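**Student:** predicted model, plus sequence, below.
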Amino acid sequence: MITPFSSKKDTDKEDPDIIDCFSCTFFFITHDRHYPYGCRAAGFKSRIMPSRDMYINSAIPCQLFQEKKKSP
């Protein structure tokens, strides 16, 4: 969990509940420099990765993740 008092070392650890948005079909990069990341499935833009934003606000991993299809 991220708290105002957690150190950088605590946030550097890989949290298995956080999903890699770059691997999701719904993830996109916006042209808004204040909100550079977006999620088409949830319909929002964020300053941080959308899956992390969802986890911070709900304490539940992203339920909308859909892995990108690999090219042959």
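**Tutor:** In hand now; what should we look at?
**Student:** buried ones in stretch 57-72?
**Tutor:** For stretch 57-72, burial by neighbour count (16 or more other CB atoms under 10 Å) applies to 62, 65. (Each C-beta comes from the backbone N, C-alpha and C, glycine too.)
**Student:** now do the end-to-end distance for it.
**Tutor:** Taking CA to CA, to the nearest Å, stretch 57-72 runs 37 Å from one end to the other.
**Student:** ok, and what's touching that stretch?
**Tutor:** 1, 17-19, 23-26, 39, 41-42, 50-51, 54-55 (CB atoms under 8 Å, 6 or more residues apart in numbering).
**Student:** apply 7 Å and report the result again.
**Tutor:** 17, 19, 23, 24, 25, 26, 41, 42, 51, 54, 55 (CB atoms under 7 Å, 6 or more residues apart in numbering).
**Student:** most widely separated two among these?
**Tutor:** 17 and 25 (19.9 Å; CB to CB).
**Student:** now the residue nearest in space to the middle of the chain: how far from residue 25?
**Tutor:** Closest residue to the average C-alpha location of the chain: residue 51 at 2.5 Å, with CA atoms, centre = their mean. Between residue 51 and residue 25 the computed distance is 13 Å (CB to CB, to the nearest Å).
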